[in-house]
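A.B. asks: Got a predicted model here, sequence first, then my questions.
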Amino acid sequence: MKLVVTVVHDRDKNKITESLLRNGFTFTKIGSTGGFLREGNVTLLIGVDEDNVDRLVDVIRDSCKTREQFVNVLPPDAAPVGTFMPSPVKVVVGGAVCFVMDVERFERF
């Protein structure tokens, strides 16, 4: 048994949850926030048999794509008064991060 912890961007949460359910994977969904852009994320906890990990990762990969977005380097409220505000910077957002961990014991009550 494996535990796959997957962090996805809020914009991908509906697509990935529908795709996981359609492919027979169950999960627990936890709201979270990213550190760099402070945007909403969803963390999914997915228990899966070792034989299905590759299929699960394929479903996640197909559901979560990266995209480019323009962001301001400093939020306006963090910059001192009179500070020059540089032009927005293009960054890559979205996609997914997956951690696959061994599960020593699993019980459902």
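C.D. replies: Thanks, I have the structure now. Numbers count the residues shown, from 1 in each chain.

A.B. asks: Give me the below-cutoff pLDDT ranges for this protein.
C.D. replies: Flagging of the chain using pLDDT under 70 yields the residue ranges 34-39, 66-86, 89-94.

A.B. asks: Helices of the chain, start to end?
C.D. replies: 13-22, 53-63 (DSSP state H).

A.B. asks: JSON lines for those helices, including distance to Gly95 and mean neighbour count?
C.D. replies: Backbone N, C-alpha and C define where each C-beta goes, glycine included. Shown next, in JSON lines, are those (distance: least, CB to CB, whole Å; neighbours: other CB atoms under 10 Å):
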{"stretch": "helix 13-22", "distance to Gly95": "11", "mean neighbour count": "15"}
{"stretch": "helix 53-63", "distance to Gly95": "9", "mean neighbour count": "16"}
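
A.B. asks: would you list the ones you listed in CSV and tack on distance to Lys2?
C.D. replies: Compiled in CSV, the helices of the chain are given as follows (distance: least, CB to CB, whole Å):
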stretch, distance to Lys2
helix 13-22, 15
helix 53-63, 5
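
A.B. asks: my guess is Ser63 contacts Ser19, does it?
C.D. replies: Yes: contact criterion CB atoms under 8 Å: Ser63 and Ser19 qualify, at 4.5 Å.

A.B. asks: State the distance from Asp51 to Lys2.
C.D. replies: 10 Å (CB to CB, to the nearest Å).

A.B. asks: Tell me which of those two has more neighbours.
C.D. replies: Comparing Asp51 with Lys2 by other CB atoms under 10 Å, the one with more neighbours is Lys2, at 17 against 8.

A.B. asks: Which residues lie in contact with that one in this structure?
C.D. replies: Contacts of Lys2 were listed using CB atoms under 8 Å, 6 or more residues apart in numbering, and they are Gly47, Val48, Asp49, Glu50, Val53, Val100, Met101, Asp102, Val103.

A.B. asks: is it in a bridge, and if so with what?
C.D. replies: Val48, Asp102 (DSSP bridges).
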